[in-house]
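Student: Here is my input, please return the structure:
(chains A and B)
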2 protein chains.
Amino acid sequence: MPRYKLLIEFDGSPFVGWQRQDNGPSVQQTLEEAAERLCGQPVRLHAAGRTDSGVHALGMVAHVDLPRAYPAGKVADALNALARPAPVAVLAAEAVTEDFHARFSCLERSYLYRILVRRAQPALERGRVWWHARPLDAEAMHAAAQTLVGHHDFSSFRASECQADSPVKTLDALDVARRGDELHVTARARSFLHHQVRNMVGTLALVGRGKWTARDVAAALAACQRSAAGPTAPPDGLYFLAARYPESVPNTAPDGEE
Amino acid sequence: MPRYKLLIEFDGSPFVGWQRQDNGPSVQQTLEEAAERLCGQPVRLHAAGRTDSGVHALGMVAHVDLPRAYPAGKVADALNALARPAPVAVLAAEAVTEDFHARFSCLERSYLYRILVRRAQPALERGRVWWHARPLDAEAMHAAAQTLVGHHDFSSFRASECQADSPVKTLDALDVARRGDELHVTARARSFLHHQVRNMVGTLALVGRGKWTARDVAAALAACQRSAAGPTAPPDGLYFLAARYPESVPNTAPDGEE
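Tutor: Okay, here's the model as predicted:
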């Protein structure tokens, strides 16, 4: 069956998360129902990552097998038309070979975490940022973040419900930068544990407020237990930014590609 | 009575607009009720400009007279706490003399209009941009916009309900610039007619789509009737950006200023 790679933006606020669940609407269900209306039979979407309730995406990647071939642009347009009014947008679609798997072919995932640092609560960006009324020391946070980069047992930053086989992961980058009245934390790794980014951000915020030092962060990492690290940052500020794949995999056009 | 100048951000989506109306919640009512709870008696806010339902503000300016003096920072914090959960934020407050009037002292108002130009509908920026699925020629729009700059009779861009005494205004600047996948239209003038920015943007969009030329825009202006110009752009993309005042007026601290 023809396979399509989809690049997806969504506002996570009204969803229980990416994955289908019984307790509310999910992004997966929204797009699967749109695809089913397009092709007349149930289909399944596979995503590069799962996101929690309230977490957003600027560049989620998923794939879907459709029972017949369509021009890729038609797939994007049809899913967008059929998903409305849900706040989900298919930014691009391309036909790929069956070698491509949005989850298993993914070489690297990246996340953005936005923290609004100002006295007044967010009005326009409510639900899109983590609000801190008091100053945060971005330089100290960035320096402390570097103690987490590398190959480590991340048990201290792992949710109890995490289903990963191992808590050992390689964190490729964790950067904290000032952007106007916001701090932007960006994280890159082949894969992340459940809540890993939010737990790292919650811990770095302790450094930003001057309560913790980089040495405390290193000690929390070494402790290998969740209670040793800081609190979980709220989902509002988190965005699935991008998924990277081997260059040879996508862009192979089967029949029906436009 | 001590007068305070307020700098205000708001998400216009849930409001009938700035001004109090019978048919729903307004920003003015939200802040007046917060101020009343702060000082125990009814107060009145005066804003630099009125905004329509769905129009946002990044930097609206208003003033309010309170029955007694408070440190300015307290006024902002208290209004923010009491206005929640409405999507309104007082970014700054300062004590000013009674010479200062948010509406009558204002030398210049500026607006931003955001147009999202991409095939897929907005997901994260829904209600915050005007979505155009087809390309717009930003350079042609900017060039055509220059025919509107200057001292003109803007009757062709004036809503029928407009209460201004005269349709003659001086438009100081109207710029169209690309920002990633958005076009940002910025407009500056001492004052604007009702719907003037949205009507100018709707007209420039005709130029962007290649349907109109700069000469058509000039002819529409010269016709001095609303039917000669293009449609009214939706409120979603419009932001009250800033209000400028004489430098000597504010920053004078009466008793109670911190």
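
Student: Can you pull the residues of chain A lying near chain B?
Tutor: A:9-11, A:56, A:58, A:73, A:76-77, A:80, A:84, A:87-91, A:118-124, A:126, A:128 (CB under 8 Å from any CB of the partner chain). For the C-beta atoms, the positions are set from N, CA and C on the backbone; glycine is no exception.

Student: Drop anything exposed from those residues.
Tutor: Applying 16 or more other CB atoms under 10 Å in any protein chain shown to the residues of chain A next to chain B, the neighbour count classes A:9-11, A:56, A:58, A:76-77, A:80, A:87-91, A:118-124, A:126, A:128 as buried.

Student: Just the residues of chain A next to chain B: which are in helices?
Tutor: Under the assignment DSSP state H, the residues of chain A next to chain B contribute A:73, A:76-77, A:80 to helices.

Student: Tell me which stretches of chain A form helices.
Tutor: Counting by DSSP H, the helices of chain A are A:27-39, A:72-83, A:138-145, A:196-208, A:214-223.

Student: Among these, which comes closest to residue B:198?
Tutor: helix A:72-83 (25.6 Å; CB to CB).

Student: Now do that closest one against helix A:27-39: the angle between them, please.
Tutor: 110 degrees (axes from the mean of the first three to the mean of the last three CA atoms, to 10 degrees).

Student: domain parsing for chain A?
Tutor: A:3-105, A:108-241 (automatic domain parsing).

Student: just the strands in the stretch 101-250 of chain A please.
Tutor: Using DSSP state E, counting those that start in this stretch, the strands assigned to the stretch 101-250 of chain A run over residues A:108-117, A:130-132, A:150-153, A:168-179, A:182-189, A:238-244.

Student: TSV please, covering those and showing mean neighbour count, distance to residue B:96 and mean pLDDT.
Tutor: Converted to TSV, the strands of the stretch 101-250 of chain A look like this (neighbours: other CB atoms under 10 Å in any protein chain shown; distance: least, CB to CB, whole Å; pLDDT from 0 to 100):
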stretch	mean neighbour count	distance to residue B:96	mean pLDDT
strand A:108-117	21	27	98
strand A:130-132	19	28	98
strand A:150-153	14	54	98
strand A:168-179	16	31	98
strand A:182-189	21	29	98
strand A:238-244	22	40	98
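
Student: quick one on the thing from earlier: right, and out of the ones in helices among the residues of chain A next to chain B, which lies closest to chain B?
Tutor: residue A:80 (5.3 Å; CB to the nearest CB).

Student: My guess is the closest one contacts residue A:89. True?
Tutor: Yes. With contact defined as CB atoms under 8 Å, residue A:80 counts as touching residue A:89 (6.0 Å).

Student: Could you tell me which residues touch both of these two?
Tutor: B:120-121 (CB atoms under 8 Å, 6 or more residues apart in numbering or on different chains).

Student: In the stretch 151-258 of chain A, which residue sits nearest chain B?
Tutor: Nearest residue of the stretch 151-258 of chain A to chain B: residue A:239, at 8.5 Å (CB to the nearest CB).

Student: if I look at that residue, how far off is residue B:162?
Tutor: Distance of residue A:239 to residue B:162, computed by CB to CB, to the nearest Å: 41 Å.

Student: for the stretch 101-250 of chain A, what are the low-confidence residue spans?
Tutor: A:248-250 (pLDDT under 70).

Student: export stretch A:60-75 as CSV, just CAs?
Tutor: Extracted C-alpha coordinates of stretch A:60-75, given in CSV (Å, rounded to 0.1, in the frame of the first residue of the first chain):
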residue,chain,number,x,y,z
MET,A,60,5.6,16.2,14.3
VAL,A,61,6.3,13.5,11.7
ALA,A,62,4.0,10.5,11.1
HIS,A,63,3.4,8.0,8.4
VAL,A,64,0.3,6.4,7.1
ASP,A,65,-0.4,3.6,4.6
LEU,A,66,-3.4,4.4,2.3
PRO,A,67,-5.3,1.7,0.3
ARG,A,68,-4.6,3.6,-2.9
ALA,A,69,-2.2,6.1,-4.3
TYR,A,70,-3.0,9.9,-4.3
PRO,A,71,-0.9,12.8,-5.3
ALA,A,72,0.9,13.7,-2.0
GLY,A,73,-0.4,17.3,-2.1
LYS,A,74,-4.0,15.9,-2.3
VAL,A,75,-3.3,13.9,0.8
